[in-house]
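Chemist: Here you go, sequence then predicted model.
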Amino acid sequence: MLEKLEEYHIPQTIAEAVRLLRRRSGGETVAITGAIDLHWWRLQSARRFVDTSRLGLDRIRLDRSGLHLGAATLLADIVTSKVAARFAGGLLVQGALGLASPPRRHTTSLAALLINAVPVVDILPALMALDAKVRVKGARQRTIPLTELFAGKGRTVLDRELLLEVVVPKPRGRIGVALERHALTPSDDPMLTAVATVQLSRGKIARATIALGGGLSVPVRCPKAEAELVGKAPDLGIFACAAHGVAESIHPISDTRCSAEHRRDVCKVIVRRALARAAGREEPR
Amino acid sequence: MSPPVIELHLTVNGESRTFLTQINRSLFDVLRAEGYVDVKNGCLNGDCGSCAVLLNGRPVLGCLVMAPHCEGGEVVTAAGLGRPGDLHPLQEAFLDTGAVQCGFCTPGMLIVAKHLIDTNPDPSEEEIAAALAGNLCRCTGYVKIIDGVKEAARRMRASKARSKARGRRRS
C-alpha cells in the first residue's frame, strides 16, 4: 500500500503548504490531513503527501458573513461544536453524524471529503443546500461555490490548490431545514440522502434548496425543482411533484446496496419528506 | 525507490519510544511491528474498529492514520488502560458482565468506550450504541458489551463520588 510514496511533509505555514502543493516535479502530490480514509484508493499513485493538519485550519467560527469551518476541521469537532449546533437548525451537526463511527469522525476532515468529492457523508449535501462556498489558495486566492467544486467521481476543479475553509452564509430570515437519509442501518452509508431548506413568506415558498448525496457520483443540487417551488403554497402535493422532478433529473449509481431504479424511488419519498419537514408540514408516517 | 525511513517519536502507554518506520506506514503498522498486539488486525480499511487507539486523547483507527502524522504524539492502547491486578474499571466491568467472548474486538471497544465515558460519564444505552457504531463484534450481539460500558460508567461515577466525599471530610 502507498508503495510509491517518497516524501511526507508536515508544513507549519500556509505559504509552505501552497509551495509544496504547487511543485510540479517528482510526481503526484496529494494533500491529506493525517489520515487516509474514504479516499485511500486515490492515493496509490501519490509520490508526495502534504499533511495540512498543523496549519491552524481546524477552527469553527461565526461572524457576520456566516459560519467558517476550517478545511482541516474534523467531523468529530463539528458534532461537538455549540456554534455549529446553533447554526441552521443544527443541520451540519446532523450531517457530520452521517459518518456514524466516532473514531472515523475523529480522523476525517472536511478537506478529505471535499477534495475527494465523497458523496456518502451527509455533511456535503447539507453544506450544498446551505449555499456553502470553499476558499482555496494556489497562485492566488479564490472562492468557489460548492456546487462548482466537484468535477466528477472523486475529482474536483482544484488545480494544486490548498483548501483553506468552507464558508456557509448566514441564512437571511427564518429558514426551515431537514435531512432525510435512507440506509440499511443507522450506521451504514446511505443509499440516498436528501437535504432541503425552505423559506416561507406570506404563506408561500420564497426560496427552497434541495441537495442530494449518498448513491450518486458526487453530491448535487437540484436547481430546476427549486425554481419551480418558488411562489407556491407549501403543500404536500407540490412537494411530491418536486420530488418526482428531482428523481427524473438525477443519475444514481447501482451498487451492492441497491439499484439505480430503487434509488430513484427512494428519492421521490425522501425529497418529499425533507421538503415537507423543512416547511413545517410534516406528513404522517 | 522504496519509501524512506524516518524516526518516529511517540509516547505509548506512558513510555517514550523511538521507532524506525517507512513513511508510507500507518500507526497500526508501527504499533504491531513493535509488539503492541492488543491493537488488532481486523479489516485495515476503517470498517471494524478493532485497531482503535487513543491518539492525543482522541479515539482513532490505527489503520487509517499515517505514522508520520503522529510524530510527538501520545498513544494509549487497550493494554495501557490498566495492568493485571490493577485493571481499569472498563476492563473489570467487561469481565464481570461477560462482555468478552472471543476477545478480538475487545481492545477497540475498550478504547472507544473509554473516550465515551471520559466525555460523557453517564451515557444512555442509545449513546453507548451510537459510540460503538464503528466497532464490529461477531460474537456477543452487543448486549453484554453495552451492559459492560454502562456498568463501568456507574462504577466510575460511584468511585468519583466517594473520592469527593472523602475530600470534603478531610477539609
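Modeler: Received the coordinates, thanks. Residues are numbered from 1 along each chain as shown, chains lettered A, B, ... in the order given.
Chemist: which SSE is the residue in the stretch 151-285 of chain A positioned nearest to chain B in?
Modeler: Relative to chain B, the nearest point of the stretch 151-285 of chain A is A:Ser187 (4.0 Å; C-beta to the nearest C-beta). For every residue, glycine as well, the C-beta is placed using N, CA and C. A:Ser187 belongs to no helix or strand when elements are defined using DSSP states H and E.
Chemist: I figured A:Val120 was touching A:Leu212, is that so?
Modeler: No - if you go by C-beta atoms under 8 Å, A:Val120 and A:Leu212 don't touch, sitting 11.7 Å apart.
Chemist: does stretch B:84-93 come close to chain A?
Modeler: No - in terms of C-beta under 8 Å from any C-beta of the partner chain, no part of stretch B:84-93 sits within range of chain A; the closest distance is 15.6 Å.
Chemist: helices or strands next to the host helix or strand of B:Arg32 in the packing?
Modeler: Assigned by DSSP H and E, B:Arg32 belongs to helix B:27-33. Counting contacts by 3 or more C-beta pairs under 8 Å, 6 or more residues apart in numbering or on different chains; DSSP states H and E, helix B:27-33 is packed against strand B:5-12, strand B:15-22, strand B:52-55.
Chemist: would you list the ones you listed in a markdown table and tack on distance to A:Leu200 and mean neighbour count?
Modeler: Output for these, formatted as a markdown table (distance: least, C-beta to C-beta, whole Å; neighbours: other C-beta atoms under 10 Å in any protein chain shown):
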| stretch | distance to A:Leu200 | mean neighbour count |
| --- | --- | --- |
| strand B:5-12 | 55 | 16 |
| strand B:15-22 | 58 | 13 |
| strand B:52-55 | 45 | 28 |
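Chemist: Tell me which of those strands sits nearest to A:His106.
Modeler: The closest of the helices and strands packed on helix B:27-33 to A:His106 is strand B:52-55. By C-beta to C-beta, the value is 8.3 Å.
Chemist: how many other residues sit next to the residue in chain B that chain A sits nearest to?
Modeler: Using C-beta to the nearest C-beta, the closest approach of chain B to chain A is made by B:Gly134 at 2.3 Å. By other C-beta atoms under 10 Å in any protein chain shown, 24 other residues sit near B:Gly134.
Chemist: Pull the contacting residues for it.
Modeler: Neighbouring residues of B:Gly134 by C-beta atoms under 8 Å, 6 or more residues apart in numbering or on different chains: A:100-104, A:187, B:47, B:49, B:61, B:112.
Chemist: Would you agree it falls within a helix?
Modeler: No - secondary structure of B:Gly134 (DSSP: H, G, I helix; E, B strand; the rest coil): coil, not part of a helix.
Chemist: that older thread, if I pick the residue of the stretch 151-285 of chain A closest to chain B, what's in contact with it?
Modeler: Counting by C-beta under 8 Å, 6+ apart, A:Ser187 has contacts A:100-101, B:133-134.
Chemist: The residue sitting nearest the centre point of chain B - nearest residue in space that isn't next to it in sequence?
Modeler: In chain B, the residue lying closest to the centroid (C-alpha atoms, centre = their mean) is B:Ile111, at 2.0 Å. Nearest non-adjacent residue to B:Ile111, counting by C-beta to C-beta, 6 or more residues apart in numbering or on different chains: B:Ala52, 4.3 Å away.
Chemist: pretty sure the one you found contacts B:Leu64?
Modeler: No - counting by C-beta under 8 Å, B:Ala52 does not reach B:Leu64; the two are 10.3 Å apart.
Chemist: Would you mark the buried spots in the longest helix along chain B?
Modeler: Counting by DSSP state H, the longest helix found in chain B is helix B:143-170. Using 16 or more other C-beta atoms under 10 Å in any protein chain shown as the test for burial, helix B:143-170 gives B:144-153, B:156.
Chemist: can you list those in a markdown table and add pLDDT and distance to chain A?
Modeler: Conversion of these to a markdown table gives the following (pLDDT from 0 to 100; distance: C-beta to the nearest C-beta, whole Å):
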| residue | pLDDT | distance to chain A |
| --- | --- | --- |
| B:Lys144 | 97 | 19 |
| B:Ile145 | 98 | 15 |
| B:Ile146 | 98 | 14 |
| B:Asp147 | 98 | 20 |
| B:Gly148 | 98 | 17 |
| B:Val149 | 98 | 13 |
| B:Lys150 | 98 | 17 |
| B:Glu151 | 98 | 20 |
| B:Ala152 | 98 | 17 |
| B:Ala153 | 98 | 16 |
| B:Met156 | 97 | 19 |
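Chemist: For the residue of chain A found nearest chain B, list the residues it contacts.
Modeler: In chain A, the residue that lies nearest chain B is A:Ser101 (2.3 Å; C-beta to the nearest C-beta). Each residue near A:Ser101 by C-beta under 8 Å, 6+ apart is listed here: A:187, B:46, B:49, B:133-135.
Chemist: if you set the cut-off to 10 Å instead, what comes out?
Modeler: A:75, A:107-108, A:187, B:46-49, B:52, B:59, B:61, B:112, B:130-136 (C-beta atoms under 10 Å, 6 or more residues apart in numbering or on different chains).
Chemist: quick one on the thing from earlier: determine how far the helix holding B:Arg32 lies from the middle of the whole chain.
Modeler: 15 Å (C-alpha atoms, centre = their mean, to the nearest Å).
Chemist: For A:Arg272, which non-adjacent residue is spatially closest?
Modeler: A:Ala243 (4.0 Å).
Chemist: helix or strand for the one you found, which one?
Modeler: helix A:236-249.
Chemist: tell me what the helix or strand following that helix is packed against?
Modeler: Following helix A:236-249 in sequence order, the next helix or strand is helix A:260-278 (DSSP H and E). With contacts taken as 3 or more C-beta pairs under 10 Å, 6 or more residues apart in numbering or on different chains; DSSP states H and E, helix A:260-278 sits against strand A:176-182, strand A:192-201, strand A:204-214, helix A:223-229, helix A:236-249.
Chemist: Comparing these, which comes out most buried?
Modeler: Per-stretch averages of neighbours, counted by mean count of other C-beta atoms under 10 Å in any protein chain shown, single out strand A:192-201 among those, with a mean of 26.
Chemist: Tell me how far B:Ala152 lies from B:Ala99.
Modeler: From B:Ala152 over to B:Ala99 the distance is 9 Å, taken as C-beta to C-beta, to the nearest Å.
Chemist: which neighbours do the two share?
Modeler: Joint contacts of B:Ala152 and B:Ala99 (C-beta under 10 Å, 6+ apart) are B:90-91, B:93, B:110, B:113.
Chemist: Using the three-state scheme, assign the residue nearest to the centre of chain B.
Modeler: B:Ile111 - assigned by three-state DSSP - is helix.
Chemist: Does it touch B:Leu54 like I think?
Modeler: Yes - taking contacts as C-beta atoms under 10 Å, B:Ile111 lies within contact range of B:Leu54: 5.9 Å.
Chemist: What is the neighbour count of A:Ala278?
Modeler: Neighbourhood size, A:Ala278 [other C-beta under 10 Å]: 30.
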